[in-house]
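> Output the structure for:
(one chain, ligands or ions: 1)
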Amino acid sequence: MPAPPDLDPPPRLGYTASRIDRAAALRGDDAALQKFGADARAGVYLFAGELVVLKASSEQCDPLFSAAAARSFGTVTESVFLGLADDAPRFGFNLEPQALEPLQTRNDLKITDLRGVAVHGLVAAEHLPPLAEAKALLGWHIRHRFCPNCGAATVAAHAGWRRDCPSCKAEHFPRTDPVVIMLAIAGERAVLGRARRFAPTMWSCLAGFIEPGESIEEGVRREVHEEVGIRCGRVRYFASQPWPFPASIMIGCHAEALSDTIVIDREELEDARWFERDELALMLKRQHPHKLTTPPPVAIAYHIIRKFVEDGGDAVG
Ligand SMILES: [Zn+2]
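Below is the predicted model:
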């Protein structure tokens with residue numbers, strides 16, 4: 001067994017390790033919510049659809065606004081209560097799309113997408129989980145304006161954690177879509193693939209949505225077989241990551257590959273191949289001779305690949 005490669009200490013996985021107390025018991029408490037809204041320590045994470053608004057800085061940007069400042073930028077179409085950060089109330093607001101244009105010309109604001117915020121470390125790490133919480137929840141409101149039961153317009157309720165139908169009285173709750181993301185491994189090798197949208201040198205784990213009536217393990221085996229034609233046996237859960245693009249949770253796993261021949265589904269992937277553990281170590285360290293890389297450390301794929309580089313076949317038990 002080769003010695004594990006010398007990697008730096010593991011970086012933090014993006015959007016995880018939230019310090020927010022969601023205070024779910026208070027979501028129906030109008031008096032408490034009113035008090036939180038008026039609290040001088042209250043802070044608002046501000047979105048306009050897919051984009052997040054930050055206070056610009058040459059160092060790290062500040063993503064928190066006062067409610068009054070956030071409302072001064074334009075009409076707030078959705079507001080949600082995210083919870084308490086060391087007792088300070090945190091909210092998420094969504095601005096109407098037409099509010100963006102005048103804001104984009106201001107040099108005291110930075111308007112960008114949340115992936116870039118995480119990849120480039122634009123805000124302190126503690127802000128990424130509540131930003132993910134806000135984006136996933138606000139996006140759910142934007143996409144669920146009508147009752148799936150009867151078609152009537154629904155209204156936000158319970159501090160933004162429910163939508164109620166005034167017509168048929170159905171209550172609708174925010175959803176999270178499970179995605180399996182996995183590394184199929186055999187001895188000292190593992191399979192990575194490339195989607196067309198990737199940067200030309202980036203390779204990553206295979207991934208796909210879990211289907212109704214499917215276990216995590218079954219989803220892993222089906223996705224690997226569909227995308228690269230490889231049969232898998234054992235599946236071991238590794239870690240998970242909220243992925244608010246728009247509302248997923250990535251469920252990271254390692255899988256034992258039982259076959260060797262790759263048959264690529266060209267609809268899903270541009271390419272896929274086996275990588276030796278040593279080559280993956282160079283990709284993690286950004287030292288590959290052909291500049292091939294894994295995804296960045298904010299993404300769970302980096303950590304799934306790293307676990308295999310460090311533990312080899314033990315990653316799948
Ligand atoms: Zn209804």
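> Quick check: the gap between Pro297 and the ion.
Here Pro297 is placed at a distance of 44 Å from the ion (CB to the ion, to the nearest Å). For every residue, glycine as well, the C-beta is placed using N, CA and C.
> show me the contacts for the residue of the stretch 201-317 of the chain found nearest the ion.
Checking the stretch 201-317 of the chain residue by residue against the ion with CB to the ion singles out Ala247 as nearest, at 21.1 Å. With contacts defined as CB atoms under 8 Å, 6 or more residues apart in numbering, the neighbours of Ala247 are Ala136, Gly139, Trp140, Pro174, Arg175, Thr176, Asp177.
> Check these for burial and list the buried ones.
Among these, the ones that count as buried by 16 or more other CB atoms under 10 Å are Ala136, Gly139, Trp140, Pro174.
> export these to a markdown table and tack on distance to the ion and secondary structure?
A markdown table is the format used below for the buried ones among the contacts of Ala247 (distance: CB to the ion, whole Å; DSSP: H, G, I helix; E, B strand; the rest coil):
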| residue | distance to the ion | secondary structure |
| --- | --- | --- |
| Ala136 | 23 | helix |
| Gly139 | 21 | helix |
| Trp140 | 17 | helix |
| Pro174 | 17 | coil |
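> Would you point out the most distant pair within these?
Longest distance between any two of these is 9.3 Å, between Gly139 and Pro174; criterion CB to CB.
> got the residues of the stretch 101-250 of the chain near the ion?
Taking CB under 5 Å from the ion as the criterion, the neighbours of the ion within the stretch 101-250 of the chain are Cys147, Asn149, Cys150, Ala152, Cys165, Ser167, Cys168, Ala170.
> Are any of those residues buried, and if so which?
Buried residues within those, counting neighbours by 16+ other CB under 10 Å: Cys147, Cys165.
> will you turn the residues of the stretch 101-250 of the chain next to the ion into a markdown table that also has secondary structure and pLDDT?
Listed next are these as a markdown table, based on DSSP: H, G, I helix; E, B strand; the rest coil; pLDDT from 0 to 100:
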| residue | secondary structure | pLDDT |
| --- | --- | --- |
| Cys147 | coil | 98 |
| Asn149 | coil | 97 |
| Cys150 | coil | 98 |
| Ala152 | coil | 98 |
| Cys165 | coil | 98 |
| Ser167 | coil | 98 |
| Cys168 | coil | 98 |
| Ala170 | coil | 98 |
